[in-house]
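Student: Task: produce atomic coordinates for the following.
(one chain, ligands or ions: 1)
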Amino acid sequence: MFRKVFNIKTDKRIEIIDITQEIQLIVEQSHYNNGIVNIYSKHSTSGIVINENETGLIKDFKTALESLIPVEGNYNHNCINNNADSHIRSFFIGSSETVPLYKGKLDLGTWQSIFFVELDGPRNRKVTVTVMGHE
Ligand code: ZN
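Tutor: I've put the predicted structure just below:
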């Protein structure tokens, strides 16, 4: 098993950041060729997703999050701290993805990238990458 935690400093409240290259570099440090890679965010107001890195689509994704789960709402959690929308968005997005590792590379589809999704930034975040495999 190979494990590495890396930091992401976000600048905006919602930010969709392509982390595919960082993950691939960590996978190379593991020296494993075949196995699986888990990418995990240990925060309740962020997410990890796999999708296409196309500028228009990234904007559409942000717009959809904002319209499906509005900032303002009759949220119970806002009595504790004012970020229920961030938690609920994270609830639907999820905190991890697992990708096959094949011949030393992340076995992603042609149009797939791995994204860290900030939902309550700006903050300092940590992403844990766990590689299970063999040479
Ligand atoms: Zn909260």
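
Student: Report how many residues lie close to N124.
Tutor: Look at N124: counted by other Cβ atoms under 10 Å, it has 9 neighbours. All C-beta atoms are positioned from the backbone trio N, CA, C, and that covers glycine.

Student: excluding its backbone neighbours, what's nearest it?
Tutor: Here the nearest residue to N124 in space, its sequence neighbours aside, is K9; by Cβ to Cβ, 6 or more residues apart in numbering that works out to 5.5 Å.

Student: Next, find the distance separating the one you found from the ion.
Tutor: Distance from K9 to the ion, counting by Cβ to the ion, to the nearest Å: 20 Å.

Student: show me the contacts for the nearest residue to K103 once chain neighbours are set aside.
Tutor: Computed as Cβ to Cβ, 6+ apart, the closest residue to K103 that is not its neighbour in sequence is N33, at 5.9 Å. By Cβ atoms under 8 Å, 6 or more residues apart in numbering, the contact list for N33 reads 101-104, 133-135.

Student: same question, I48
Tutor: Neighbours of I48 in contact, by Cβ under 8 Å, 6+ apart: 39-41, 93-97, 114-117, 127.

Student: residue ranges with poor pLDDT in this protein?
Tutor: Of all residues in the chain, none has pLDDT under 70.

Student: Please, which helix or strand holds the spatially most central residue of it?
Tutor: For the chain, the residue nearest the mean C-alpha position is I48 (2.2 Å; Cα atoms, centre = their mean). Secondary structure assignment for I48, by DSSP states H and E: strand 46-51.

Student: all helices of the chain, in order?
Tutor: 20-30, 55-68, 84-93 (DSSP state H).

Student: Could you spell out the sheet neighbours of the longest strand belonging to the chain, each with its direction?
Tutor: Using DSSP state E to define each element, the chain has its longest strand at strand 124-134. In the sheet, strand 124-134 lines up against strand 2-9 (antiparallel), strand 34-41 (antiparallel) (DSSP bridges).
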